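> Okay, sequence plus prediction incoming.
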Amino acid sequence: MTKAGLFLTFEGIDGSGKSSQARMLAERLRSLGYDVVLTREPGGSAGAEEIRSLVLEGDPDRWSAETEILLFTAARRDHLERTILPALAEGKVVICDRFADSTRMYQGLSRGDLRGLVDQLHSLMIGREPDLTVLIDMDPETGLSRAKGRQGTEERFEDFGLDLQQQMRAGFLALADEFSDRFRVVDGNRDMDSVAQDVTDIVLQALR
Ligand code: TYD
């Protein structure tokens with residue numbers, strides 16, 4: 001039998017708790033003996049982490065929407081080449097906090113309808129979808145207050161406001177319908193352990 005890795009992504013609005021869930025899942029799978037690579041976007045490779053500070057720090061008007069799509073895609077390409085594909089080739093489980101679905105939503109929806117451009121560039125330069133995507137669905141108001149509670153320098157996207165946060169949530173749910181073969185939606189409006197239990201069940205089923 002050849003070992004085939006599993007490429008798993010977490011998606012959700014800001015403050016949905018997906019980063020904690022990704023971390024908890026990685027620990028759980030490791031305790032079960034799986035070889036896990038936990039990574040994130042933007043970032044996940046040395047070059048992509050440099051691009052991360054370009055896109056997440058500084059003035060909100062620092063980049064045009066189109067330039068931003070190019071930067072996120074450049075970061076993703078580096079991450080895919082250097083981190084994700086090599087790990088999958090070794091049969092590892094790759095858990096990635098955000099991937100192309102975030103670009104479809106954030107860059108595709110937030111400054112006009114650029115979804116077509118995002119998809120075109122994705123098929124040209126990335127051409128890989130996750131095997132499984134867990135969407136942590138979360139009440140937009142709760143998510144926003146959690147996200148705003150964090151201090152940091154990565155705040156270019158954090159002043160979106162409730163309207164956009166609501167639009168994003170609806171957009172992610174629509175995306176889950178569009179790609180229903182790989183998306184699983186988990187109700188994030190519960191305590192962390194209950195959410196984590198659902199996530200573990202879904203992933204273990206996919207690994208079997
Ligand atoms: P992230 O580090 O996941 O922050 P959080 O844990 O608060 O969700 O992502 C940082 C920001 O980057 C987030 O506001 C969403 C944004 N983003 C995009 O706009 N496009 C993308 O393609 C990705 C991967 C992230």
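Noted; the coordinates are in hand.
> Following the host helix or strand of D101 in sequence, what is the next regular element?
Using DSSP states H and E, D101 sits in helix 100-109. Remark: after helix 100-109, the chain's next helix or strand is helix 115-125, criterion DSSP H and E.
> residue in the chain nearest to the ligand?
The ligand sits closest to Y106 of the chain, with a gap of 3.0 Å, by C-beta to the nearest ligand atom. In this view, the C-beta of every residue, glycine as well, is placed from N, C-alpha and C.
> What confidence value was assigned to that residue?
Here the pLDDT value assigned to Y106 is 93.
> how deep is it tucked in, by neighbour count?
23 (other C-beta atoms under 10 Å).
> got it, and T67?
T67, neighbours per other C-beta under 10 Å, totals 11.
> try T133
Other residues within reach of T133 by the criterion other C-beta under 10 Å amount to 24.
> Three-state assignment for it, please.
Put simply, T133 is strand when judged by DSSP: H, G, I helix; E, B strand; the rest coil.
> Show me how far the helix holding D101 is from its chain's centre.
10 Å (C-alpha atoms, centre = their mean, to the nearest Å).
> when you compare where it runs with where helix 115-125 runs, what's the angle?
140 degrees (axes from the mean of the first three to the mean of the last three C-alpha atoms, to 10 degrees).
> before we move on, the earlier item: using the three-state scheme, assign the nearest residue to the residue of the chain closest to the ligand once chain neighbours are set aside.
Using C-beta to C-beta, 6 or more residues apart in numbering and skipping the chain neighbours, the partner closest in space to Y106 is F157 (6.7 Å). Of the three states, F157 takes coil under three-state DSSP.
> separation between F157 and S110?
Counting by C-beta to C-beta, to the nearest Å, the gap from F157 to S110 is 8 Å.
> State whether V94 is indeed within a strand.
Yes: using three-state DSSP, the assignment for V94 is a strand.
> That one bridge partners, please.
Beta bridges link V94 to F7, V37, judged by DSSP bridges.
> mind listing what the residue nearest to Y106 touches?
D14, L56, Y106 (C-beta atoms under 8 Å, 6 or more residues apart in numbering).
> from these, which is closest to V199?
D14 (18.7 Å; C-beta to C-beta).
> was I right about the closest one contacting G149?
No: counting by C-beta atoms under 8 Å, D14 does not reach G149; the two are 11.0 Å apart.
> Around the ligand, pick out the residues from the chain.
With C-beta under 6 Å from any ligand atom as the criterion, the chain comes near the ligand at residues 14, 19, 41-42, 56, 72, 97-98, 102-103, 106-107, 147, 157.
> what about A147, neighbour count?
When neighbours are counted by other C-beta under 10 Å, A147 registers 17.
> Kindly provide the distance from it to V37.
Taken as C-beta to C-beta, the span from A147 to V37 is 26 Å.
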